[in-house]
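In: would you be able to build a 3D model of this:
(2 chains)
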Amino acid sequence: MPPIVSFSKVCKFYGSHFAVGGFSLDIRAGDTVGLLGPNGAGKSTLLHILTGLVRPTSGHVSVFGKELQSNAIDIAFRMGALMERPTFYDHLTVRRNLKIHAQLAQRDVNLDRTLDLTNLAEFASVRAGTLSQGLRQRLGLAMAMLTEPELLVLDEPTSGLDPEATQDILTLLRRLVDETAVTILFSSHLMHEVEALCSHVAIIHKGRLVTYEETETLISYDLSQVEVLMDGADNAAKRLREQDWVTSVTSKPGRLQVKLKEQGSHQLNSFLVHAGYAVSGVVPRRRTLQDYFLKALDHE
Amino acid sequence: MSNAPRLRQLRNALDRIRVAYRVEIIKAIRLRQTYVGPALLFLLVVLSPLAHPLRQDTMGDYAFIAYVTPLALNFLGYVLLLAYVGGLLATEMDRGTLRTVLLRPIHRCEIYLAKLLLGCSYSLLLTLVVGLSSWGMVVIFGDLYGVQVGGVLRYTSDEMLWAYLGGAGLVLLPQWAGVSLGLLYSSLTRSTGTAVSLSVGTWIALDLVKYPLGIDHLVFSSYLESPWHVFISQCDGLDGRWLPMAGYTIVTSGAVALTTTAVGLFLFSRRNLGSCG
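Out: Residues are numbered from 1 along each chain as shown, chains lettered A, B, ... in the order given. Here you go, the predicted model:
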């Protein structure tokens, strides 16, 4: 199956400063891809290029199998986007703002359905300029989803929101991912958002792709680091440090954090049981995206 | 090779411009500042009898119309027009609403042309307000009996009306050239103030140098006033001539409108509109 989005050696220079340098990535239909990177990594520039707001200095971008520059209109019909802090005609109501975008998209859309989906129905007659930042972000999302696009581009959609509004947006997106076949390209510098939402993660640093993996692969369990819930942790720690298959042991009241030379906790488990300790649980440590992210940037 | 795909593309582009223009009108209708210009011009016309009285004396009061129309349109009206057009793209780029609109299936050039049409419509609105209110004032407080010289009817009221309509039609051309220039400046900056200053500055600079350089007949802004000369002459019982003034108005205004629009479209289509651009 051909990729739905394909970046090929994309470069973008602003004067002599490069924002993106030789970026290549293929995204398959139905994937939810998180673009992760520190501030200034080039995430927003890439999404601006994808949405046609910025021209790449060199390289090619194709969307739905068509070259972006020469098929911008056809592509825009099938794409929705929310760019960081969305802006609206503040003197117009929420409904009128949506209606204007529906007109520009030349589509008959069910505005009430979109308003319901984004929980904006009660604000339909409110002027956009009076909305809180959280509601504005929801309106931005409503606009992006207005024409039921096949590809949704979201540039830091929770930027500047309080935790409640952030959760609100993430829940909405989760619902969208679960209920539709939409492909989402989602940029963020917040790991937990990407971890919660995305099937794939692309880590970008200094305008280049560092890694592109399935999220599941990156956040699997690390069987060489385990936490043991037990009584007599201090005493057990002393004995474990003498074992050559143990790298390090940290003792805390009621638990031990053990780093093993090899993966697998069977040896540790049987050692503790044979030594007569009451072990109530052995939990392998879960790798977080943050671990992987920091490691990937470290290698750079 | 068949021209059908090209024709279809052109038809689609015209459709999108029409939709974008309709959207621009909807936005403008709901914006308070749209009404400031027409309201100011209306007030100027309504208050003008203080300087140029109107009387019902069975003599035509076309002199009032000839006095107030250029007064309202040539300076205040033109400044209001440039101020309005200066904000059309600059404000939207500054606020970011243009970026949101450009995420829709519409080319930048089509948005630009829709804004140009809105600016031209606004100039038409200003001209209509001045025309209707000045003629309305004469209908209510004065007379429209035609122009008499020595008790003899020199020009009928119909002839005066046509001379006025001809002037109003022609004066739209330099106004639209001003709209094109203003929109070009508006596309170059995110500051409405800068765009308006550039437009007004260009106008003043041209007016300052055109007479010393002897190029006034080649400068479009000279024809903001000339189209009224026929009507003004007829008010005095004299024959006014449309040519060659009308030809110069069409050519100079058309050249400026086409050139600035082409340059504006070229530059605007290449602008980076991303937040970091």
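
In: could you use CA atoms for every contact and neighbour count after this?
Out: Noted.

In: how much space between A:Ser132 and B:Thr100?
Out: A:Ser132 sits 18 Å away from B:Thr100, going by C-alpha to C-alpha, to the nearest Å.

In: ok, these two, which is more surrounded?
Out: Ranked by neighbour count (other C-alpha atoms under 10 Å in any protein chain shown), A:Ser132 and B:Thr100 place B:Thr100 first, with 21 against 12.

In: just how off-centre is the helix or strand hosting that one within its chain?
Out: When elements are assigned from DSSP states H and E, B:Thr100 belongs to helix B:97-101. Mean C-alpha position of helix B:97-101 versus that of the full chain (C-alpha atoms, centre = their mean, to the nearest Å) differs by 26 Å.

In: residue contacts, the closest residue to A:Ala181 other than its chain neighbours?
Out: Nearest residue to A:Ala181, sequence neighbours excluded (C-alpha to C-alpha, 6 or more residues apart in numbering or on different chains): A:Gly30, at 5.4 Å. Listed by C-alpha atoms under 8 Å, 6 or more residues apart in numbering or on different chains, the contact partners of A:Gly30 are A:Ala181, A:Val182, A:Thr183, A:Ile184.

In: recalculate using a threshold of 7 Å.
Out: A:Ala181, A:Val182, A:Thr183 (C-alpha atoms under 7 Å, 6 or more residues apart in numbering or on different chains).

In: filter those residues down to the buried ones, PyMOL style.
Out: Here is the PyMOL command that selects the buried residues among the contacts of A:Gly30 (16 or more other C-alpha atoms under 10 Å in any protein chain shown):
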select buried, chain A and resi 182+183
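
In: out of the contacts of A:Gly30, list just those in strands.
Out: Among these, the ones falling in strands (DSSP state E) are A:Thr183.

In: as TSV, the contacts of A:Gly30 with pLDDT and distance to A:Arg136 would be great.
Out: Below are these laid out as TSV (pLDDT from 0 to 100; distance: C-alpha to C-alpha, whole Å):
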residue	pLDDT	distance to A:Arg136
A:Ala181	87	25
A:Val182	92	22
A:Thr183	94	23
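
In: residues of the helix or strand harbouring B:Val251 that come out buried?
Out: Assigned by DSSP H and E, B:Val251 belongs to helix B:245-269. By 16+ other C-alpha under 10 Å, the buried positions in helix B:245-269 come out as B:245-246, B:248-254, B:256-257, B:260-261, B:264-265, B:268-269.

In: and stretch A:194-204, by the same measure?
Out: Buried, per 16+ other C-alpha under 10 Å, within stretch A:194-204: A:Val194, A:Glu195, A:Leu197, A:Cys198, A:Ser199, A:His200, A:Val201, A:Ala202, A:Ile203, A:Ile204.

In: state the distance from the residue of the stretch 201-300 of chain A found nearest chain B to A:Lys12.
Out: Proximity of the stretch 201-300 of chain A to chain B (C-alpha to the nearest C-alpha) peaks at A:Gly207, 13.8 Å away. As judged by C-alpha to C-alpha, A:Gly207 and A:Lys12 stand 9 Å apart.

In: which strands and helices sit next to the helix or strand where B:Met160 lies?
Out: B:Met160 is part of helix B:157-188, with elements assigned from DSSP H and E. Secondary-structure packing of helix B:157-188 (3 or more C-alpha pairs under 7 Å, 6 or more residues apart in numbering or on different chains; DSSP states H and E): helix B:78-95, helix B:108-141, helix B:192-210, helix B:229-235, helix B:245-269.

In: okay if I get those helices as JSON lines plus distance to A:Val246 and mean pLDDT?
Out: Shown next, in JSON lines, are the helices and strands packed on helix B:157-188 (distance: least, C-alpha to C-alpha, whole Å; pLDDT from 0 to 100):
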{"stretch": "helix B:78-95", "distance to A:Val246": "59", "mean pLDDT": "94"}
{"stretch": "helix B:108-141", "distance to A:Val246": "64", "mean pLDDT": "96"}
{"stretch": "helix B:192-210", "distance to A:Val246": "69", "mean pLDDT": "93"}
{"stretch": "helix B:229-235", "distance to A:Val246": "101", "mean pLDDT": "94"}
{"stretch": "helix B:245-269", "distance to A:Val246": "64", "mean pLDDT": "96"}
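
In: quick one: which of the ones you listed is nearest chain A?
Out: Taking C-alpha to the nearest C-alpha, helix B:78-95 is the member of those nearest to chain A, at 6.8 Å.

In: now do the buried residues in the closest one.
Out: Those would be B:78-94, for helix B:78-95 by 16+ other C-alpha under 10 Å.

In: and the stretch 1-150 of chain B, which residues reach chain A?
Out: Within the stretch 1-150 of chain B, the residues that sit near chain A (C-alpha under 7 Å from any C-alpha of the partner chain) are B:Val19, B:Ala20, B:Val23, B:Leu31, B:Arg95, B:Gly96, B:Thr97, B:Thr100, B:Leu103, B:Arg104, B:Pro105, B:Ile106.

In: go again with 10 Å.
Out: B:15-24, B:26-27, B:30-32, B:92, B:95-108 (C-alpha under 10 Å from any C-alpha of the partner chain).

In: any quick ChimeraX command for the buried ones out of those residues?
Out: Buried subset of the residues of the stretch 1-150 of chain B next to chain A, written as a ChimeraX selection, criterion 16+ other C-alpha under 10 Å:
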select /B:16,17,18,19,20,21,22,23,24,27,92,96,97,98,99,100,101,102,103,104,105,106,107,108
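
In: buried residues, stretch A:224-237. List them.
Out: Buried-residue list, stretch A:224-237, by 16+ other C-alpha under 10 Å: A:224-234, A:236-237.

In: got it, and stretch B:151-163?
Out: Those buried within stretch B:151-163 under the rule 16+ other C-alpha under 10 Å are B:Arg154, B:Tyr155, B:Ser157, B:Met160, B:Leu161, B:Ala163.

In: give me the contacts around it.
Out: With C-alpha atoms under 10 Å, 6 or more residues apart in numbering or on different chains as the test, stretch B:151-163 has contacts from B:59-60, B:62, B:135, B:144-149, B:164-169, B:227-240, B:242.

In: among those, which ones are buried?
Out: Neighbour-count burial (16+ other C-alpha under 10 Å) is assigned, among the contacts of stretch B:151-163, to B:60, B:62, B:135, B:144-148, B:164-168, B:227-235, B:237, B:240, B:242.

In: A:Arg107: which of the contacts of A:Gly30 is nearest?
Out: Proximity of the contacts of A:Gly30 to A:Arg107 (C-alpha to C-alpha) peaks at A:Val182, which lies at 18.2 Å.

In: ok, now which ones touch that closest one?
Out: A:Ala29, A:Gly30, A:Asp31, A:Thr32, A:Met79, A:Met145, A:Glu148, A:Pro149, A:Glu150, A:Leu151, A:Leu152, A:Leu176.

In: what about 7 Å?
Out: A:Gly30, A:Glu150, A:Leu151, A:Leu152.

In: which non-adjacent residue is nearest residue 49?
Out: Picked chain A for this. A:Arg55 (5.8 Å).

In: think we crossed wires, I meant chain B
Out: B:Phe64 (8.0 Å).

In: burial count for the one you found?
Out: Neighbours of B:Phe64 (other C-alpha under 10 Å): 22.

In: tell me which element it is part of?
Out: helix B:62-70.

In: for that helix, name the packing helices and strands.
Out: Helices and strands touching helix B:62-70, by 3+ C-alpha pairs under 7 Å, 6+ apart, are helix B:108-141, helix B:229-235.
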